[in-house]
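J.: A predicted structure for the sequence below; I have some questions about it.
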Amino acid sequence: MKKLVLCTLFVLQVFFAFAQNLTGVTGKVVDSKTNKALQNVVVSVLNSSMTTLTDPTGKFSFNDLTAGSFTLKIETQGYEVQLLQIEVASGQMLDLGNVVASEDITQEQQLSLITITENDLGDDNSGSESTSGLLQASRDNFQQAAAFNWGQARFRIRGLDNEYGTTMINGVVMNKLYDGRPQWSNWGGLNDATRNQEFTLGSSPSDYTFGSILGSQEINTRASIYRKGSRISFSGTNTNYDWRAMATHASGMNTNGWAFVVSASRRWAQEGYFEGTDYSANSIFASVEKKFNEKHSLNFTSIYARNRRGKVSPNTQEVIDLKGEDYNAYWGWQNGDKRNSRVKDIEEPINMLSHYWKISEKTNLNTNVAFQTGYVGNSRLDYQLANNPDPTYYRNLPSYYLNSQDYYLPAVDANGDPILDANGNPTYTNPQAITAKNNFLADGQLNWNAMYRANLSPNQNGKSTYALYEDRTEDKQWTANSILNSSITDNITVNAAINFRKLTSKNYQKMMDLLGGTYFLDIDPFYAGDLSQSDLNNPNRQIKVGDTYGYNYNLHATTFDGFTQFKFNYKKVDFYLAQSFARSEYRREGLYKNGIYASNSYGYSDKVIFENFGFKGGLTYKITGRQMLDFNAAYMTRAPFLRNVFSNARINNNLTPDLSSETIMNADASYIIKTPKFKSRVTGYFSKIMNSTELAFFYGEGLFDDDAVGTGNEDSFVSEILTGINKKNMGVEFGFEYQITSTIKASGAATYGQSIYDNNPRLRVNDDAQASSTNTNPLTDFGYAYLKNYRVSGSPQQAYSFGLEYRAPKFWWIGANVNYLADSYMDVSAILRTNNFTVIKGGGNTTYDGVTEESLREVLKQEKFDPITLVNLVGGKSWKVKNDTFGFFASVNNVFDVTYKTGGFEQSRKATYPDYVADNANGTPSFGPKYFFGYGRTFFVNVYLNF
């Protein structure tokens, strides 16, 4: 017994001695309102590899710190990030007691952001939307300003389109193979269900993907990570919809290893901010997880989002001066309702099965299989041998008559005598211009009734001359991937992934409405005989509602990619190295035998294969526990997207000439400060994108030798192919946040950048009218488009923001910010900057009369939009009612109702100098640039209940 007691005392003495020698910190994270423990809160020691999660009682600890000063970072979804400065003494465990986590009530601001990212101001079919959606997860102050304050002006971080970012759900890439952009509407309205996000900026490392140079966004829908509880909310706004209702419930993991989350929302408006823009969207989300044991879990996620919204037209300055900035040419009255002819309809449900395997304490493998199908439709009017129904068609506007001397008549008084000016010279009037102006002011909308009357005319015998159709894309895509994360040692982590995607994309015209008629003829009336046929295998078809016509083809894509990444974490330096490989295979399958391209439109095209690679690396040097230097660099190649592989995919199998992979280089350097009161980052960045390809379609005049300039016989509908495009982006970013007092916080952000074309790319034009049995690829080489040093359009290249926020101890807050945005430019026409614009065809190097260096500089000067200042107000309040939380969030954007242009593009119709000058003779061109406008004063109010 004595021996047992002595042994026990010796063991206890050793244990207590060991415990006394522990150096570290411990604490418990609790909710500020309920004082309940919070599980799975991420607690980390800044500038180290030490990270832990709180246990079910909310407790955490680090037992192996060295004596000294440290900064603890405490973060979890839905709560404010906290930085705690601690001082640890040697041989002691510092007990922080309860660490109170306050609800991040500014997260409600994300619920208003979706009104920006879903606003498709453009009229393309790609689904391109603002990059703001990529930034919702970030807590970096600069990125928050870019999303919430500058997003309304369509600001792009570092001047980059969102095709250079990677968006994932459970590690499955959501960027479309067609254009590289994510379709945000696929999960629109499901803000509660998609809040668990991780974000990386630029080419910095991600655990899930090699990525590109804008950053990555990972949305995690694993059911067990959602905080248990329910939430309902109701919102009102005056942006692209009026009302929204949403409900979400998360069960948490039960004792049988099951967890589920369900969420649903509806958004609707009879008319959004712009005239005639109706809106209807329904979204449903479900995620179910079964945990079999500590090593294996299976999760199934299903997302359904149907979004239907009317578009808004871009307008020339002439139309804006007559009808105002809110005018929308796409709608007209029908039976007392506003009917929009350009409607975007999206329904692409996602189903995803995820397996989580905890191979060991240091190694995890996540495998996913996903299937997405559905459609994207963009409606518009079709007509045959009839007047263009567009109210802004150039012959319907005064400028058409004012710019032609043929419509001017001598002015006479009531007695028929000439009216003279002060110098005794006769004056002139333009009665048709006056009539056109009065008619446009009196109505100026689509005339649905006139189209119905034309189709119902007895002379038509049931044949529609007007019809409404939809450009429709129906995708079926399978995705499979595996993502490995392994900590080889305490200092080295390995990330690796392989991804496989297989896409079949059916593209066709679908008849939506015959507008009173009984059929529509499937021909091109501008051609005769076989050339007029859309499908020689089924000529002269009479099209009914729901039928396919015009064009019909499949695009096939199979891609494989993989990456490995090694991250090294040490006391003073962290660094990483990553590499990737990708293989892309594309093919077109024509389902119609087009009359113009009879020999190369039906059946399969040649396969196109691209193999690409990438390398990137970075280093973080920790000056102190609060300051660091961060460097990142990347070099990669990227296959062209499907939209640019075929020069005119709708009607032939021709490949884009000189098609090659893009080459992308990127580097950035940052100085970062993180203290409990002050956080800031200043970054310098540089990127270069080389060998890009762009396609455009338009009517052009004066493009070919047989187009006699000025004869009126020069219209050609062409595809413009621009290859070998180089773009360069460089600039500086700065963001800061300073906690002035416990209740007042100041924040600011600024960027000064330059995004330019860095070379003169090659321009070719495909003209279907020149096709023949011996010329199945009718390309005309226009040489170089002189674009070097023109600014890349689409975003302000200067932006500044300053804001103040007050948070009361009683859980209410209010904030205001002022923003200045400048250096936003017009998208220039490439064809106007070729020799075709200035040099007489067949005349050697002889230029048109009037062409001088000065006149060209004036005509081809890129338009710079006026700078704008926008003021926004935000605020909110929440109350604790027993175990439930009730609150509201409200914002007012553009408080002073500033009118501003968010973008625009030059029209390419007048492709020669004489035609261009003639069109501008009166100062109001018929084919002047078209502009998009941002919202005026808007509001967003959201009330919610968490229980």
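T.: Perfect, thanks for sending it.
J.: going forward, measure contacts and count neighbours with C-alpha atoms only.
T.: OK.
J.: any idea how far Val45 is from the residue nearest to Leu945 when sequence neighbours are not counted?
T.: Counting by C-alpha to C-alpha, 6 or more residues apart in numbering, the nearest residue to Leu945 once its immediate chain neighbours are dropped is Phe886, at 4.5 Å. Distance, Phe886 to Val45, using C-alpha to C-alpha, to the nearest Å: 34 Å.
J.: same deal with Asn438?
T.: Counting by C-alpha to C-alpha, the gap from Asn438 to Val45 is 71 Å.
J.: which element is Asp630 on?
T.: Using DSSP states H and E, Asp630 maps to strand 627-638.
J.: Quick check: next helix or strand after that strand?
T.: strand 662-674.
J.: quick one, helices of the stretch 101-250 of the chain?
T.: 110-117, 141-144 (DSSP state H, counting those that start in this stretch).
J.: Please enumerate the helices of this protein.
T.: Secondary structure of the chain (DSSP state H): helices located at 2-21, 110-117, 141-144, 317-323, 398-402, 431-442, 448-456, 853-859, 913-919.
J.: Please tell me how far the third one is from the chain's geometric centre.
T.: Remark: helix 141-144 is offset 17 Å from the chain centroid, using C-alpha atoms, centre = their mean, to the nearest Å.
J.: show me what contacts Val828?
T.: Val828 makes contacts with 862, 905-906, as judged by C-alpha atoms under 8 Å, 6 or more residues apart in numbering.
J.: Let's see the pLDDT reported for it.
T.: pLDDT for Val828: 97.
J.: Next, count neighbours for Gly546.
T.: Gly546 sits with 13 neighbouring residues when counted by other C-alpha atoms under 10 Å.
J.: Kindly state the beta-bridge partners for the closest residue to it other than its chain neighbours.
T.: The shortest distance from Gly546 to any residue other than its chain neighbours is 5.1 Å, reached at Met511 (C-alpha to C-alpha, 6+ apart). When bridges are called by DSSP bridges, Met511 pairs up with Tyr469.
J.: Using PDB, write out every CA atom in stretch 355-362.
T.: Extracted C-alpha coordinates of stretch 355-362, given in PDB (Å, rounded to 0.1, in the frame of the first residue of the first chain):
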ATOM      1  CA  HIS A 355     -18.600  12.200 -49.800                       C
ATOM      2  CA  TYR A 356     -16.400  13.300 -46.900                       C
ATOM      3  CA  TRP A 357     -13.700  10.900 -45.900                       C
ATOM      4  CA  LYS A 358     -11.500  11.600 -42.900                       C
ATOM      5  CA  ILE A 359      -8.700   9.300 -43.800                       C
ATOM      6  CA  SER A 360      -6.700  10.300 -40.700                       C
ATOM      7  CA  GLU A 361      -6.400  13.200 -38.200                       C
ATOM      8  CA  LYS A 362      -4.300  15.000 -40.800                       C
END
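J.: Rounded mean pLDDT for it, please.
T.: Here the average pLDDT along stretch 355-362 is 96.
J.: Could you do stretch 860-877 as well?
T.: The average pLDDT within stretch 860-877 is 97.
J.: Please state the offset of it from the chain centre?
T.: On C-alpha atoms, centre = their mean, the centre of stretch 860-877 falls 19 Å from the chain's centre.
J.: gap between the two ends of it?
T.: One end of stretch 860-877 to the other measures 53 Å (C-alpha to C-alpha).
J.: Give me the contacts around it.
T.: Contacts of stretch 860-877 (C-alpha under 8 Å, 6+ apart): 105-106, 149, 790-791, 811-826, 828, 832-833, 887-896, 898, 900-901.
J.: if we go to 6 Å?
T.: Outside of stretch 860-877, the residues within contact range by C-alpha atoms under 6 Å, 6 or more residues apart in numbering are 811-822, 824-826, 887-895.
J.: What about those, which are in strands?
T.: Among the contacts of stretch 860-877, the members found in strands (DSSP state E) are 812-822, 887-893.
J.: Report the beta-bridge partners for Arg681.
T.: As for beta bridges, Arg681 partners with Ile672, Gly735 under DSSP bridges.
J.: Quickly note the distance from it to Val30.
T.: Taken as C-alpha to C-alpha, the span from Arg681 to Val30 is 30 Å.
J.: buried ones in stretch 480-495?
T.: For stretch 480-495, a neighbour-count test (16 or more other C-alpha atoms under 10 Å) marks 480-487, 492-495 as buried.
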